[in-house]
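*Asks:* sequence-free structure coming up:
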């Protein structure tokens, strides 16, 4: 049974983040999940705390979901998610060789790599015969993927959008987690994975828009929204204890904590990424291999 959308004790619609507009969007639901998981502060969206205990619990997330479906006043029509992507073959245990793509004039990837959960950089352990860095991790979760780009961006470049393709366009050759076809399924108890695209689809992003949005949804800024960051709120921790971008040329950084529901499988997974600028121009792709358990 769907419960009537409810407001907080202060009369503010649960899940309606600053600045409040009387509705709850998918981006605001993502922020709520990140607060609940400890990836964002409650100050990013105080309306989630309907009981005033300083936390966001499952019941409060459900209230926000109902508000998104019914509207804050009840009965409003929810904005549908994009059509689920068709899962692709994610069963291979070896990374697909580098794909060929057309050079593009958009943003340059200045860094694409892995950090530990605390933000400390993890060095690559080797490279493939094609020169792709390999990051070897003992487990398929508990680390971060980080992408940095140099280019012309208008505000925060998106890693998720309700229609079309986001500015951050990232894909893996193998299913992550359960490979769920649902888009941006980051709400417990149905926190799902990401479908693999094998071989990488780099020429026609519109054909895999849902998969790109599903993966990109996991890349969040400092307030938990699916957006790029500037270097003042970077997620990479250096030896001086401060957080910076890896490259001095970086204009936008994207950070994704890899949680257990979206774990990388054992073996090698090729991950490809491109970024789009304010003029809607895509840059050339960068790739890494994430190797688990070897």
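*Replies:* Nice, I can see it. Being a predicted model, the structure only gives us computed values, none of them experimental.

*Asks:* any stretches of the stretch 101-250 of the chain with poor pLDDT?
*Replies:* The stretch 101-250 of the chain contains residues with pLDDT under 70 at 101-104.

*Asks:* mind listing the strands for it?
*Replies:* 108-116, 121-122, 126-127, 133-137, 143-150, 168-172, 236-237, 243-244 (DSSP state E, counting those that start in this stretch).

*Asks:* possible to save those strands as JSON lines with mean neighbour count and distance to residue 292?
*Replies:* Yep, even glycine has a C-beta here, placed from its N, CA and C like the rest. Listed next are those as JSON lines, based on neighbours: other C-beta atoms under 10 Å; distance: least, C-beta to C-beta, whole Å:
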{"stretch": "strand 108-116", "mean neighbour count": "19", "distance to residue 292": "11"}
{"stretch": "strand 121-122", "mean neighbour count": "16", "distance to residue 292": "13"}
{"stretch": "strand 126-127", "mean neighbour count": "12", "distance to residue 292": "14"}
{"stretch": "strand 133-137", "mean neighbour count": "19", "distance to residue 292": "6"}
{"stretch": "strand 143-150", "mean neighbour count": "24", "distance to residue 292": "10"}
{"stretch": "strand 168-172", "mean neighbour count": "26", "distance to residue 292": "12"}
{"stretch": "strand 236-237", "mean neighbour count": "18", "distance to residue 292": "21"}
{"stretch": "strand 243-244", "mean neighbour count": "17", "distance to residue 292": "26"}
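
*Asks:* residue 60 is nearest to which of these?
*Replies:* With respect to residue 60, and counting by C-beta to C-beta, the nearest of these is strand 143-150 at 26.2 Å.

*Asks:* and the chain, what are its domain boundaries?
*Replies:* Domain ranges of the chain: 1-79, 108-292, per automatic domain parsing.

*Asks:* out of those domains, deepest packed?
*Replies:* Highest mean neighbour count of those: domain 108-292, a mean of 20 (counted as mean count of other C-beta atoms under 10 Å).

*Asks:* residue 255 against residue 148, yeah?
*Replies:* No: Residue 255 lies out of contact with residue 148 (C-beta atoms under 8 Å); the separation is 9.6 Å.
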